[in-house]
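1. sequence unknown, structure follows:
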């Protein structure tokens, strides 16, 4: 056995609350998880399980009311370029920047490098997501899948400690979605970046993740943490991985039924 | 089940496309005439020429220079005033006032927007003041302005500031508030805060609104400065285009009055349809934020 590496991201007993117009909502309750380098860590749960809120807290946009979130041992307090978010919304690309400018903007705004180096790196990552011929296009001329590819390229170009993806393929049609999952895995093979991926789709979680955290809803609490080999195969108990996940997520309903 | 499959049975169909050459037109470039008549400004230019023609014919038929001079007479009057430098001086004077008023209005609008965006009371104040002052035509403030500031340029500039300030401030403020929260988060993600976030995310994000405010502010200011000169220019020694119109009316030089009006139209048209339209095409239209 090789020695297990130190955790890159450590979410330790984190409870999150946010205010809506007429109530105070507890999004997650004492959630713990650890992500190691080059993990493809998936947070899976029904809507309302606080998974997006948790991701925003890791991004530094929200402070836990309880517990700590640490990146390489340091407590996260504010947003920063070492944790890049990829959102679900297509409007995460700034409309006044072309594909190339959008990626250069990220690299320059964070003060990482000079113009020439930023341009080189932007073009490199645009090539990786197969958008070279659209480098000078504005976002409104691109399809939804292309926009998400630009956002992923922008995130990867930052070479962050961890890439935080908040249901990035949820707004895409099924065919594009499958293709994007494949491309994401290919990119991972090439650079082995660490990614924390939020989704509510069981097949997507199995496909993308090597480790899957299951959250229950209202408020989000950890139900289980499973390993995935990338395909839906039967485990030692004879159940498919997707069936196990389904049973764990919905077991309370079954108890009521039986 | 079996019933449906029997009743709804039909044979499968594969491959029934017609060869493209048999369809007729699949993709044919439009003819020259179709293309020219599709261009907006060509059609409008033709209309303009027709209107000019109607004017000329009617004025010749009426044959009364004092009421309606012909188009050619108006052009000659304009050329004459341009030749003597009188018109250029008038335009220069009007522009000088206008640009000063516009500039101070913008500066105040920026300060106001910052205050309104930073605090809730500021936002409330801006909304209240705007709903009070926006319906008030600026020219209505001129008498008061003359009491306060006397007969200098300052009274006109004060009125101009009023014309520009509210529309620009309100539009910019609305623009900032409508910037997508995702854009803000993206900006913060790459380490932008405070002024950096304002300059690189909020201002471009609010640009369609800001530009709309600038356009409305300009239109108000342009109409106001001409009106103010008509009322006020007569008592100050020098005057702009409004004064030129007023003075020539007193001299019963109707062709020159028309020439002054034509100048006002042409200049307003130039700024609103060429200057601002170009800025729009190069920014918000190109970014897909406005069509």
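-> On my side now, so go ahead. Everything numeric here is computed off the predicted structure, so don't read it as measured data.
2. going forward, measure contacts and count neighbours with C-alpha atoms only.
-> Noted.
3. could you say what helices and strands the host helix or strand of residue A:183 packs with?
-> Using DSSP states H and E, residue A:183 maps to helix A:174-191. The contact analysis (3 or more Cα pairs under 8 Å, 6 or more residues apart in numbering or on different chains; DSSP states H and E) places helix A:174-191 against helix A:144-157, helix A:202-208.
4. try 10 Å
-> When contacts are defined as 3 or more Cα pairs under 10 Å, 6 or more residues apart in numbering or on different chains; DSSP states H and E, helix A:174-191 packs onto helix A:115-128, helix A:144-157, helix A:202-208.
5. and the first one, how far from the chain's centre?
-> The offset between the C-alpha centroid of helix A:115-128 and the centroid of the whole chain comes to 23 Å, using Cα atoms, centre = their mean, to the nearest Å.
6. export the helices and strands packed on helix A:174-191 to CSV and tack on distance to residue B:57, mean pLDDT and mean neighbour count?
-> Listed next are the helices and strands packed on helix A:174-191 as CSV, based on distance: least, Cα to Cα, whole Å; pLDDT from 0 to 100; neighbours: other Cα atoms under 10 Å in any protein chain shown:
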stretch, distance to residue B:57, mean pLDDT, mean neighbour count
helix A:115-128, 63, 92, 18
helix A:144-157, 58, 92, 23
helix A:202-208, 76, 92, 21
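7. ok, residues contacting the helix holding residue A:183?
-> Residues from elsewhere that reach helix A:174-191 (Cα atoms under 10 Å, 6 or more residues apart in numbering or on different chains): A:38-40, A:128-130, A:144-146, A:148-149, A:152-153, A:156, A:159, A:168-172, A:192-195, A:204, A:207-209, A:230.
8. Looking at the stretch 1-150 of chain B, what residue ends up closest to chain A?
-> Closest residue of the stretch 1-150 of chain B to chain A, Cα to the nearest Cα: residue B:120 (16.8 Å).
9. mind listing what that residue touches?
-> residue B:126.
10. Which single residue of the stretch 151-258 of chain A ends up nearest chain B?
-> Going by Cα to the nearest Cα, chain B is nearest to residue A:158 of the stretch 151-258 of chain A, at 9.0 Å.
11. Does residue A:16 lie in a helix or a strand, and which?
-> Secondary structure from DSSP H and E places residue A:16 in strand A:9-19.
12. What is the burial count for residue 58?
-> Just going to use chain A. For residue A:58, the count of nearby residues is 28 (other Cα atoms under 10 Å in any protein chain shown).
13. right idea, wrong chain: chain B
-> The number of residues packed near residue B:58 is 15, by other Cα under 10 Å.
14. what kind of secondary structure is it in?
-> helix (DSSP: H, G, I helix; E, B strand; the rest coil).
15. need the contact list for it.
-> Here residue B:58 is in contact with B:52, B:68-71 (criterion: Cα under 10 Å, 6+ apart).
16. any idea how far residue B:226 is from residue B:232?
-> Distance, residue B:226 to residue B:232, using Cα to Cα, to the nearest Å: 10 Å.
17. my bad, residue A:206
-> 78 Å.
18. re the thing from before, got any residues that touch both of residue B:226 and residue B:232?
-> Common neighbours of residue B:226 and residue B:232 (Cα under 10 Å, 6+ apart) are B:242-243.
19. Just to check, residue A:220 is in contact with residue A:51?
-> Yes - if you go by Cα atoms under 10 Å, residue A:220 and residue A:51 touch, sitting 7.5 Å apart.
20. can you list residues touching both of the two?
-> Common contacts of residue A:220 and residue A:51 (Cα under 10 Å, 6+ apart): A:27-28, A:45, A:214.
21. among the residues you listed, which are in strands?
-> A:27-28, A:214 (DSSP state E).
22. Would you format those as CSV with distance to chain B, neighbour count and pLDDT included?
-> As requested, these are arranged in CSV below (distance: Cα to the nearest Cα, whole Å; neighbours: other Cα atoms under 10 Å in any protein chain shown; pLDDT from 0 to 100):
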residue, distance to chain B, neighbour count, pLDDT
A:27, 20, 21, 88
A:28, 21, 26, 90
A:214, 26, 26, 92
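23. what's residue B:192 sitting at in phi/psi?
-> phi -80, psi 140 (degrees, to the nearest 10).
24. residues in contact with it?
-> With the criterion set at Cα under 10 Å, 6+ apart, residue B:192 makes contact with A:79-81, A:106, A:109-111, B:184-186, B:198-201.
25. Could you report the pLDDT at residue 102?
-> I went with chain A, as the question did not name one. Among the per-residue scores, residue A:102 holds a pLDDT of 94.
26. The chain in question should be chain B.
-> We have a pLDDT of 94 for residue B:102.
27. and if you look at residue A:57?
-> Confidence score, pLDDT, at residue A:57: 94.
28. Residue B:42 now?
-> 88.
29. Give the closest residue to it in space, chain neighbours not counted.
-> Excluding the flanking residues, the one nearest residue B:42 by Cα to Cα, 6 or more residues apart in numbering or on different chains is residue B:36, at 7.1 Å.
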